[in-house]
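>>> next come a sequence and a model predicted from it.
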Amino acid sequence: MAKGRPEMVDEAQDEGSLAGGLWGLLQSVRTTIYVLPILAIATTIGAVIPQKRPPEYYDMAYGGGWGRALTAVGFDNIYNSTWFIILVGVLLLNLAACVARSFRRAARQYRGPAPETLARKLEG
């Protein structure tokens with residue numbers, strides 16, 4: 001959260017708690033800036049390295065050590081690997097949190113005055 005900018009602080013968020021810290025991390029645009037390039041690199045690797053082939057293929061095509069390394073980190077089936085799915089999930093949660101934060105701010109900004117306040121202004 002930015003210091004000196006009270007409009008950036010979400011009053012309902014307790015940054016001292018684990019949930020508040022995770023929520024702050026999820027709604028941060030910096031998280032998007034870090035996740036998107038990693039996802040782009042992983043997607044490019046998945047496009048360059050043939051997917052869903054038997055392990056022997058990678059041993060022959062890239063050599064024994066590199067072939068085993070590619071299969072060990074899941075580059076042989078990157079789009080179904082656990083780490084890739086988690087990365088996409090983090091991006092989706094991040095985007096949802098950013099949209100929720102923006103929507104909440106916009107609703108607060110465009111909400112009209114409370115009826116009591118409006119009545120006092122009309123009377124006075």
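On my side now, so go ahead. Keep in mind the model is a prediction, meaning the values are calculated, not measured. Numbers count the residues shown, from 1 in each chain.

>>> the biggest helix by length in the chain - what's its average pLDDT?
Taking DSSP state H as the criterion, the chain has its longest helix at helix 82-110. When pLDDT is averaged along helix 82-110, the result is 89.

>>> list the buried residues for that helix?
Using 16 or more other Cβ atoms under 10 Å as the test for burial, helix 82-110 gives Phe84, Leu87, Val90, Leu91, Leu93, Asn94, Ala97, Cys98, Arg101. Quick note: C-beta positions are derived from backbone N, CA and C, even for glycine.

>>> the nearest residue in space to the fifth one that is not next to it in sequence: how many residues sit nearby?
Nearest residue to Leu93, sequence neighbours excluded (Cβ to Cβ, 6 or more residues apart in numbering): Leu26, at 5.4 Å. When counting by other Cβ atoms under 10 Å, one arrives at 18 neighbours for Leu26.

>>> quick one: contacts for the closest residue to Thr32 other than its chain neighbours?
Nearest non-adjacent residue to Thr32, counting by Cβ to Cβ, 6+ apart: Asn94, 5.5 Å away. Contacts for Asn94 (Cβ atoms under 8 Å, 6 or more residues apart in numbering) come out as Leu26, Gln27, Ser28, Thr31, Thr32, Val35.

>>> tell me the spacing between the nearest residue to the third one once chain neighbours are set aside and Gly64.
Okay, so that is Ser28. Nearest residue to Ser28 in three dimensions, chain neighbours excluded: Asn94, at 7.7 Å (Cβ to Cβ, 6+ apart). Counting by Cβ to Cβ, to the nearest Å, the gap from Asn94 to Gly64 is 39 Å.

>>> returning to that earlier point: using ChimeraX, make a named selection holding only the buried ones among the contacts of Asn94.
ChimeraX command restricting these to the buried ones, with burial defined by 16+ other Cβ under 10 Å:
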select :26,27,28,31,32,35
